[in-house]
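Student: sequence and predicted structure are below.
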Amino acid sequence: MIRSLLAALLLSLPVAASGQVMVVGSGDAENCYKLTRDGNPGTSEAIQTCRAALEIGLLQKDQAATHINTGILYMRAGDYDKSRDHYETAINYAPDLPEAYINYGAGLIYMEDYRLAIDALSTAIDLGKTKPLEKMPEALFNRALAYDREENYKAAYLDLRRALALRPDWPPASAAIRRYDVKAPS
């Protein structure tokens, strides 16, 4: 049986992982991507750069990517409703883009909508099976967080193991999996 060590540890689990999406070209869309990639905490200037990029005519894939990057900045700034709107718009533009679902799921975890987060992250994982997805460990990690919050500790543990199989010694997943106590069935 797999169970959490202490209920208090649930609150200390790492925050959800997210990932920016590269935009081809130059201008505000590329700058938005770079701001997100480089860890901008969601400053109003960075968000304005991304919003300006969305006002120009971007290719559909770049439009989706820029919505994801804008959503990440809003999420970092703690504005989860706006981040959710951007992720949903990205999914409408590119429903086959796993990164859209990974970030959407991360935002839903922050909003404590764990069931919907699990669904979004499962979609990302399913999409990742049909095309290479370097972000698969993030999807598994986030889904593990959501499962843990729903007290489905076995599913959480198994997702963390899969994430570590794909990215051994990944610090967030390594730290999270150490919080579980695995006991043999009696």
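Tutor: Nice, I can see it.
Student: the one helix or strand Leu160 maps to: what's the following helix or strand?
Tutor: For Leu160, the element it lies in under DSSP states H and E is helix 153-166. Under the assignment DSSP H and E, the closest C-terminal helix or strand after helix 153-166 is helix 171-177.
Student: find the nearest non-adjacent residue to Leu35, please.
Tutor: In this structure, Leu35 finds its nearest non-sequential neighbour in Ala46, 4.4 Å apart by C-beta to C-beta, 6 or more residues apart in numbering. C-betas here are computed from N, CA, C, even on glycine.
Student: SS state for the one you found?
Tutor: helix (DSSP: H, G, I helix; E, B strand; the rest coil).
Student: could you pull out the strands for this structure?
Tutor: 2-4, 180-182 (DSSP state E).
Student: confidence-wise, which of those is weakest overall?
Tutor: Among the strands of the chain, strand 2-4 carries the lowest mean pLDDT, at a mean of 29.
Student: and the residue nearest to Arg149 when sequence neighbours are not counted, what is it in contact with?
Tutor: Nearest residue to Arg149 in three dimensions, chain neighbours excluded: Tyr114, at 4.7 Å (C-beta to C-beta, 6+ apart). By C-beta atoms under 8 Å, 6 or more residues apart in numbering, the contact set of Tyr114 is 108, 146-147, 149-150.
Student: ok, Tyr80 next?
Tutor: The contact partners of Tyr80, taken as C-beta under 8 Å, 6+ apart, are 74, 107, 110-111.
Student: ok, now how distant is it from Pro168?
Tutor: Computed as C-beta to C-beta, to the nearest Å, the Tyr80 to Pro168 distance reads 32 Å.
Student: residue contacts, Lys61?
Tutor: 93-94, 97 are the contacts of Lys61 under C-beta under 8 Å, 6+ apart.
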